[in-house]
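J.: Provide a 3D model corresponding to the input given below.
(2 chains)
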Amino acid sequence: MISHHNLFKVVLIFLILTYSTAMADVKGEIVDSDSNEPIIGASISVLGTLIGDLTDRKGNFHIKSSKDSLLIVIQYAGYEKKSTFVSSLNPVKIELKRLTYHSNELIVSANKKTESIQNVPISVSLIKSEEFSTRNITSIDYALQYVPGVEVNQDNVSIRGSSGFSFGIGTRTIFLQDGFPLLSADNNDIKFDIIPILFIDRVEVIKGAGSALYGTSALGGVINVLTAKPSYNPMIRARLYSGLYDSPKYEQWNWSDKSLIDKGLDFAYSQKFGDYGIMGSASMFSRDSYKRYDKSERLSMFLKQLYDFSEKTNVELAINYSTSKTDDWVYWNSLDSALIPPTGTDESIVITSNKLAVSTSLKHILNESSFMNIKLGLFNTYFSNMLAIDNIEYRESTGNTYFFETQYSNSLNVENSLITGIESRINQVSSFTYGDNIQTILGAYAQLENKSISNLIATIGIRTDKELLDTIDTKFQYSPKIGLNYTLSESMTLRGSYGRGFRAASLAERFASVQFQGFNVIANPELKSEISQSLELGLSYDMINSTDYLNLDISGFYNRYDDLIEPTFESSSQAVIKFMNIIEAEISGVEIDMTFKTEENFTLKSSLTYLNPKNIVENKDLKYRSNYLWYSSLNYKLLPFEVQLDYRYKSKYNEIDERLGSTIKDHNLKIDAHILDISFSVYSDIFDSKTKFTMNVKNALNYYYLEMVGNMAPIRFLNFQIESEL
Amino acid sequence: MIKYNTIIFILLALFLSSCDKGLEPRDEAQLAYLNVSINFINDWPKKDSVFGLRVAAFKLPPSESLLKEISNGNATISDLIKDYNINNKDIQFIYSDLPLDLLYIVVAWQYEPDLTSQRIVGVYNIINKSEPGTVKLVQGETVNIDIEVDWNDFPPQPF
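T.: Predicted structure coming up:
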């Protein structure tokens, strides 16, 4: 006998099958209008719906729809956008015309909606997926090091000088995957290793205060990782890499007779079946490191499922998981033995860390002009140094962040569009190190975009947030923003923006009570939120001729910070650190970013960022900030070959915490950084797969510089990589 | 057409000319080493009262707190020694600013994480605990000294 429960399942399957069989198949091919070559990765969307596809490596797309005739929109960077009707009766061949210049890349997150990069009133940089394989990027933080104006020191991300150094605790840059925040509940730090590298479509880096839409933590900027979508054609992709470190030039630094090897394997699969799509990946990574007591092992997995309930409603469920074991390296023994830890360090201590993120979103088109997006997420983190609980250096913490957001978007009329939403983030921590605490942050936002004046896009928005915590009475935070974007001519755009940012102190900053390797961190439950005001003026200029394209982007910015939270040595003792609201600061600067491309597949990018980071209270530079960042890259493709050179210059820090000298030897060394990376790739079609062989040398000059006080940066590293896609 | 060859040449020339070799360790011939061997006698205090031990070497006898002596460059201190109930421990200091006289070399008992919570428990001397010995360091030389820590008999405190 069939139970009611089973009967329901049978009926449901029958309905789904019936519905599926009633769907029409629309197939087609997208090609370059001049060369007739297939365009890979072009986006096809059905107007007024959420359904669509990406072209595969043969340029094919496949859409299932209840209608026989559809109006589709095809978009691909560097090509003219095209709309056309397609029918299920005959496969179509659609030609796209290449633009004479290659701008107008799409972005989504700056204003929580899809729009051209040139329409956004603030500075945005993109990292494209192909850059990950050419540079052998195994973690997002390494990719961010090439972004203009961004510095990454260990786990600290600093956009235009927004952050100094605090072992990543309390990031001033919010980190998102497809719009979901991935910051731990306790440290509020970024967990880079949880991101599925092979599924990254692009990474957007938004510079300047973004709290008007993103709330706490978006004080210095926003990093949004956007994952790719599955296609009806299966995608199987694998990457295998292994590399070894050069021996140090000086015998005093040589600590191992063995070859020191970093290696890893990534595997990814995705496919869409009717209304259902699935993406899965796994990554393994093992690092010997160039430093003793700095080994690590990591296993990461990712699963994403998508289902189109109808042409107007879809749901996505993503699960990220990562587990790692890492040595507890903190700083060197001394300059003379720079690649080993201090004498007496217990090198048996290993940090075990697990992370699990579960996120789901429901998108629904309400009518021709409005849609809703509901997001729900959980981010669980755990770490422990596995010492006995009575050991004075025992550290352990479990954190859960519960995230909820409802966003409503409405194109009110031709000239105006509105985005509103409510959001809650609950950070629950149960920790030996940070105590048991719950922090709740509630927010609501609205943003109006107006295009009533010719060539001008005006954006105005406001967000309010309220932090709820037992130890401190907090005020409502109001974060307004205003942005103007004016198109002077076809080749020149002016932009200007003002925004306010805030960051609620993390539970770690407030409640940490921990001792490790000579440092003793004590709690400060009274910590207030830090505030920023961000002003930017920018100019984007395209110079185009028949063969070459030059984009020049110049921006001037001014950021003012109040109640900035910094780790501070207690005046009564040099070994005790407390996080305190101590600094009024301002960071002003200029950024020039240039991209030059030729018809012969030659690309030159160069950016120069000048920063003037001032501690107003003490009338000196802010600690751990460079004054100059100069990043350049040269890329030349002569298929099947590709060569790339990346050069980065970072001027030395003017200010560091001198009191670190009580713990770290040779703490006061300061030096500019010159880093040259070289990559050479060969493309091949073997076994009917697209395969890329890459050899790259990181820090090819073998230049010895500091990542941070007492921390030598990676020495020369030679890596080989094979990446293949079926 | 844009003269991109010129742009590339200028950029390459700029960064190649700006590079040097970066950090390097100090030349050993210009260094001096001070090896301190600590010998412990009698019973150690209770474990929970010993956060750790440090060796501190002073150019001049200290007149202020240990912290101020470190920050004004008069003193260097070792990493925290976390061993407990041991009979002997060896510590090495490396000096590059030479020649140098060290007039007061001690072992300090740190009973709490706070660096100020210290007490002198051993002093380098040749005759008796009230008369600290002097060490002269010159380039390329190594000096070995012994310090006795008698848990039942501490030397005079400097202040």
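
J.: now do the helices in the chain.
T.: You didn't pick a chain, so chain A it is. Counting by DSSP state H, chain A has helices at residues A:4-21, A:129-134, A:140-144, A:211-214, A:507-511.

J.: right idea, wrong chain: chain B
T.: Counting by DSSP H, chain B has helices at residues B:4-18, B:66-71.

J.: least confident of these, on average?
T.: Within the helices of chain B, confidence is poorest for helix B:4-18, with a mean of 63 (mean pLDDT).

J.: residues near A:Arg135, how many?
T.: Using other CB atoms under 10 Å in any protein chain shown, the number of residues around A:Arg135 comes to 23. Just so you know, the C-beta spots here come from the backbone N, C-alpha and C atoms, and that holds for glycine as well.

J.: just B:Pro45 next, same as before
T.: 12.

J.: list the residues that contact it.
T.: Going by CB atoms under 8 Å, 6 or more residues apart in numbering or on different chains, B:Pro45 touches B:Trp109, B:Trp151.

J.: hey, where'd the strands end up in chain B?
T.: Applying DSSP state E to chain B gives strands spanning B:32-41, B:52-58, B:75-77, B:88-95, B:100-102, B:104-110, B:118-123, B:135-137, B:142-150.

J.: list the buried residues in the fifth one.
T.: What it means is strand B:100-102. For strand B:100-102, the neighbour count (16 or more other CB atoms under 10 Å in any protein chain shown) marks B:Leu100, B:Leu102 as buried.

J.: next one: stretch A:468-479
T.: A:Leu469, A:Thr474, A:Gln477, A:Ser479.

J.: gap between the two ends of it?
T.: 17 Å (CA to CA, to the nearest Å).

J.: hmm, who's touching it?
T.: A:209, A:211-212, A:215-216, A:437-442, A:462-467, A:499-502, A:504, A:510, A:525-529, A:531.

J.: of the residues you listed, which ones also sit close to chain B?
T.: Among the contacts of stretch A:468-479, no residue is within reach of chain B (CB under 8 Å from any CB of the partner chain).

J.: mind checking which of those residues are buried?
T.: Buried among these (16+ other CB under 10 Å): A:209, A:211-212, A:215-216, A:437, A:439, A:441-442, A:462-463, A:465, A:467, A:499-502, A:504, A:510, A:527-529, A:531.

J.: could you find the closest non-adjacent residue to A:Leu456?
T.: With sequence-adjacent residues excluded and distances taken as CB to CB, 6 or more residues apart in numbering or on different chains, A:Leu456 is closest to A:Tyr486, at 5.1 Å.

J.: out of the buried ones among the contacts of stretch A:468-479, list just those in strands.
T.: A:437, A:439, A:441-442, A:462-463, A:465, A:467, A:499-502, A:531.

J.: relative to A:Asn601, which of the residues you listed is nearest.
T.: Of all those, A:Asn601 sits closest to A:Gly499, with 38.0 Å by CB to CB.

J.: please render the ones in strands among the buried ones among the contacts of stretch A:468-479 as CSV that adds pLDDT to the earlier fields.
T.: Shown next, in CSV, are these (pLDDT from 0 to 100):
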residue, pLDDT
A:Asn437, 93
A:Gln439, 95
A:Ile441, 95
A:Leu442, 96
A:Ile462, 93
A:Arg463, 93
A:Asp465, 94
A:Glu467, 94
A:Gly499, 92
A:Arg500, 91
A:Gly501, 87
A:Phe502, 89
A:Ile531, 92
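
J.: mind listing what's buried along stretch A:705-719?
T.: A:705-706, A:708-717, A:719.

J.: please apply the same query to stretch A:42-49.
T.: Buried residues in stretch A:42-49, counting neighbours by 16+ other CB under 10 Å, are found at A:Ala42, A:Ser43, A:Ile44, A:Ser45, A:Val46, A:Thr49.

J.: and the pLDDT for the fourth one?
T.: We have a pLDDT of 82 for A:Ser45.

J.: residues touching the closest residue to it other than its chain neighbours, list them.
T.: Sequence neighbours aside, A:Gly52 is the residue nearest to A:Ser45 in space, at 3.7 Å (criterion: CB to CB, 6+ apart). Each residue near A:Gly52 by CB under 8 Å, 6+ apart is listed here: A:Ser43, A:Ile44, A:Ser45, A:Val46, A:Ile63, A:Ile72, A:Lys229.

J.: go again with 10 Å.
T.: Residues counted as contacts of A:Gly52 (CB atoms under 10 Å, 6 or more residues apart in numbering or on different chains) are A:Ser43, A:Ile44, A:Ser45, A:Val46, A:Phe61, A:Ile63, A:Ile72, A:Val73, A:Ile74, A:Gln75, A:Lys229, A:Asp308.

J.: can you check A:Ile137 too?
T.: Neighbouring residues of A:Ile137 by CB under 10 Å, 6+ apart: A:Ile127, A:Ser129, A:Glu131, A:Ala143, A:Leu144, A:Gln145, A:Tyr146, A:Ile197, A:Ile200.

J.: where does chain B have low pLDDT?
T.: Within chain B, the ranges that satisfy pLDDT under 70 run B:1-20, B:64-67, B:71, B:115, B:159.

J.: ok, the closest residue in space to A:Ser359 that isn't next to it in sequence to A:Ser424 distance?
T.: Counting by CB to CB, 6+ apart, A:Gly377 is the residue found nearest to A:Ser359 once chain neighbours are left out, at 3.8 Å. Taking CB to CB, to the nearest Å as the measure, A:Gly377 falls 11 Å from A:Ser424.

J.: for the nearest residue to A:Asp336 once chain neighbours are set aside, grab the count of nearby residues.
T.: Nearest non-adjacent residue to A:Asp336, counting by CB to CB, 6+ apart: B:Pro25, 4.5 Å away. Neighbour count for B:Pro25, taken as other CB under 10 Å: 19.

J.: A:Ser633 now?
T.: Neighbours of A:Ser633 (other CB under 10 Å): 21.
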